[in-house]
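J.: build me a structure from this.
(chains A and B)
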Amino acid sequence: MKKFIILLMIVGAVRAHEMVPTYPTWETTYVDGVLKTTMELFNKRDDVEYYEIGVFDEAFWPIPFVTTYKVLKVKYLSHVDVDIYIKKEDKDKAMYICSKSKIKKEEVIRTAVSSRICSKFKKDL
Amino acid sequence: MVKALLASIIAFSFAAVAENNSINGTVQSRCIISTDTEGTYGNPNAYTLTTSTSDGGVLAVTRFDVTLADAYYAQITAPSEFSSSPALPDVVTWTGDTEVQAVSDATGMADYETNKVEFNMTDKYDLTATGSTWFKTSSVATMGGDKAFPGGSYTALVVAECIAQ
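T.: Residues are numbered from 1 along each chain as shown, chains lettered A, B, ... in the order given. Here you go, the predicted structure:
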């Protein structure tokens, strides 16, 4: 069993999607009524080049936000910092920031894995 | 004497160019989703595509690594449509399931499978321990009316989500 897990860890270290922080917080900006947070994406999936960013409420309904690109190009093995801005009035509604991998259409009969990681705004932070 | 002088000059010159080079890092809680194995559909008969190994398919395996206990849910959804396919002659019926395949902490993660919550094609796991968990997802697509799947490429998506609690 140990050998199996070690083998899986070696094989499985190839394709991964990562986003931090887990519990982001909003910061004030120099623009009145606008809040900002910064997320860091790391792409260790060689089959994915693009990630879509979204801000959601408790029920995963989308909340309006602004960022440079909603679909970001993140090269394999590279880190990207994303600044996300929302209106101050949406602060209490916004609960999750999610990044989702965008899969390319390919010529094979297979199942692909679409990964999504969601960080959460904790109200007590 | 000259040799000693030369040696001390060389030593001092090396000392002069030496610099400290730091490596910085931040440790923080995180969830990492890794695709260990992309599933493959076998085609045991004209109207079925399945990831079952006995029918020539391969199960999709996804790994979740978490560095903080009780901080994340893993939510895995088996496919319920093709993301790309040729034009289909009839409606496709989908079945699928996700199970824990392996864990890095046999004690702390022993209850993951029994405590999971299932709704439709989605299985939700509470990641109560730090470490790695491997989930295997099966998928079967059956063409309606026993009609044959047209020749061509088919892709279906397993959606693996790691949601902070």
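J.: partner residues bridging B:Ala74?
T.: B:Tyr125, B:Cys162 (DSSP bridges).
J.: so where is the chain shaky, pLDDT-wise?
T.: If you meant another chain, say so; for now it's chain A. A:1-14, A:105-109, A:124-125 (pLDDT under 70).
J.: try chain B instead
T.: Low-confidence segments of chain B, defined by pLDDT under 70, span residues B:1-17.
J.: centre-most residue in it?
T.: B:Thr62 (2.5 Å; C-alpha atoms, centre = their mean).
J.: do a quick rundown of the strands in the chain.
T.: Unless you meant another one, I'm taking chain A. With DSSP state E, the ranges of strands along chain A come out as A:16-20, A:27-28, A:34-44, A:48-56, A:71-73, A:78-87, A:96-103, A:110-120.
J.: my question was about chain B, not that one.
T.: When assigned using DSSP E, the strands of chain B occupy the ranges B:31-37, B:39-40, B:42-45, B:48-50, B:60-66, B:72-77, B:82-84, B:92-103, B:117-119, B:122-127, B:131-143, B:155-164.
J.: need the contact list for the closest residue to A:Phe56 other than its chain neighbours.
T.: Counting by C-beta to C-beta, 6 or more residues apart in numbering or on different chains, A:Tyr96 is the residue found nearest to A:Phe56 once chain neighbours are left out, at 4.4 Å. C-beta: built from backbone N, CA, C; applies to glycine. With contacts defined as C-beta atoms under 8 Å, 6 or more residues apart in numbering or on different chains, the neighbours of A:Tyr96 are A:Val55, A:Phe56, A:Asp57, A:Phe60, A:Cys118, A:Ser119, A:Lys120, A:Phe121, B:Ile163, B:Ala164.
J.: cool, and A:Phe65?
T.: When contacts are taken as C-beta under 8 Å, 6+ apart, A:Phe65 is in contact with A:Gly54, A:Val55, A:Ile84, A:Tyr85, A:Ile86, A:Asp90, A:Ala94.
J.: out of everything not next to it in sequence, what's closest to it?
T.: Nearest non-adjacent residue to A:Phe65, counting by C-beta to C-beta, 6+ apart: A:Val55, 4.3 Å away.
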